[in-house]
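**Student:** predicted structure and sequence below. I'll ask about it afterward.
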Amino acid sequence: MATPLVVSEVSKSFIMHLRDGIRLPVVANVSFSIAEAECVVLGGPSGIGKSSILKMLYGNYAVDTGQVLVEHRGHVIDIATADPRMIMDVRRTTVGYVSQFLRTVPRVAAIDVVAEPLVVRGTDVDAARARAGELLERLNLPRALWQLPPATFSGGEQQRVNIARGFITDHRILLLDEPTASLDAANRAVVVDMIRQKKASGVALLGIFHDEEVREAVADRILNVTAFSPRKAAA
Ligand SMILES: Nc1ncnc2c1ncn2[C@@H]1O[C@H](COP(=O)(O)OP(=O)(O)OP(=O)(O)O)[C@@H](O)[C@H]1O
């Protein structure tokens, strides 16, 4: 499969079990693909289903119908039907995800939070820390914070640790859920550069960016999720 990510006819409803099983259709017939070295941005108003699409692609939300095809270790895998162990393996090597918030681990230093994805993949700890340091430096995280656990960091500092952790690996597909939401202009510009660098190395990126400047700077294509809204189709 030459295209790293193909989404075909994906539909999703939420069933509200505590509300008499009310069914809330969120998206229907979502179809698109992302090429190597392409950055696609999901657009459309709040609540239209952008995050839900990203979460389905990462295997966090179940897919009701349709396929999410990724090339993983030379095989085409359908995330929609893959078993949890396969999804974990896909996350380790093929599909990365950078969310808006860092899930802090108690007592682990920021530098090790960033280095961990490389260590898990077998990189030597010192080499992984060195790479983590380069990223934290680039993202202007003060050195004095590197050895501290990020639990007490500011929102923007935590977000930069999170970005460094998400960008340290070489996943072929990277999902970005508002990674720049709490950053100042200088650090947003760093992240834009980092995204461009990923693109240049062939990574396929799919992101949500509410900041218009960032969106314009990184997007090759904006996909308006309104087109996949069942509510709109019914209106
Ligand atoms: N786990 C869930 N359970 C029930 N409903 C949900 C769940 N997650 C999302 N929804 C609903 O699905 C719809 C789409 O939400 P989603 O977060 O995907 O939108 P969005 O386009 O990313 O919005 P925003 O731009 O405000 O972040 C919303 O109506 C939301 O309430």
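**Tutor:** Everything's here; your move.
**Student:** interface residues of the protein facing the ligand?
**Tutor:** Within reach of the ligand by Cβ under 6 Å from any ligand atom, the chain has these residues: 14, 24, 26, 46, 47, 48, 49, 50, 51, 52. C-betas here are computed from N, CA, C, even on glycine.
**Student:** filter the residues you listed down to the buried ones, ChimeraX style.
**Tutor:** Of the residues of the chain next to the ligand, the buried ones go into a single ChimeraX selection, burial set by 16 or more other Cβ atoms under 10 Å:
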select :26,48,49,50,51,52
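**Student:** point out where this structure drops to low pLDDT.
**Tutor:** Counting by pLDDT under 70, the ranges of the chain that qualify are 1, 231-235.
**Student:** circling back: can I get the residues of the chain next to the ligand in TSV including secondary structure?
**Tutor:** Converted to TSV, the residues of the chain next to the ligand look like this (DSSP: H, G, I helix; E, B strand; the rest coil):
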residue	secondary structure
14	strand
24	strand
26	strand
46	coil
47	coil
48	coil
49	coil
50	helix
51	helix
52	helix
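**Student:** wait, which of the residues of the chain next to the ligand is closest to residue 97?
**Tutor:** residue 51 (11.3 Å; Cβ to Cβ).
**Student:** contacting residues for the closest one?
**Tutor:** If you count contacts by Cβ atoms under 8 Å, 6 or more residues apart in numbering, residue 51 has them with 177, 208.
**Student:** can you do 6 Å?
**Tutor:** By Cβ atoms under 6 Å, 6 or more residues apart in numbering, the contact list for residue 51 is empty.
**Student:** got it, and the one 10 residues further on?
**Tutor:** If you count contacts by Cβ under 6 Å, 6+ apart, residue 61 has them with residue 55.
**Student:** assumed residue 179 was part of a strand.
**Tutor:** No. With three-state DSSP as the criterion, residue 179 is assigned coil and is not in a strand.
**Student:** who is the residue lying closest to it once chain neighbours are set aside paired with across the strands?
**Tutor:** Take residue 179 and drop its neighbours on the chain: the residue closest to it by Cβ to Cβ, 6 or more residues apart in numbering is residue 98, 4.7 Å away. With DSSP bridges as the criterion, residue 98 is bridged to residue 176.
**Student:** what about residue 27, which SS state?
**Tutor:** strand.
**Student:** my read: it touches residue 13, true?
**Tutor:** No. Using Cβ atoms under 6 Å, residue 27 makes no contact with residue 13, being 8.9 Å away.
**Student:** direction included, what does the helix or strand hosting residue 71 pair against?
**Tutor:** If you go by DSSP states H and E, residue 71 is part of strand 65-72. Here strand 65-72 is paired, per DSSP bridges, with strand 5-16 (antiparallel), strand 75-78 (antiparallel).
**Student:** right, and the helix or strand after the last one?
**Tutor:** The C-terminal neighbour of strand 75-78 among helices and strands, as given by DSSP H and E, is helix 84-93.
**Student:** picking that back up, between helix 84-93 and the strand holding residue 71, find me the angle.
**Tutor:** Relative orientation of strand 65-72 and helix 84-93, computed by axes from the mean of the first three to the mean of the last three Cα atoms, to 10 degrees: 50 degrees.
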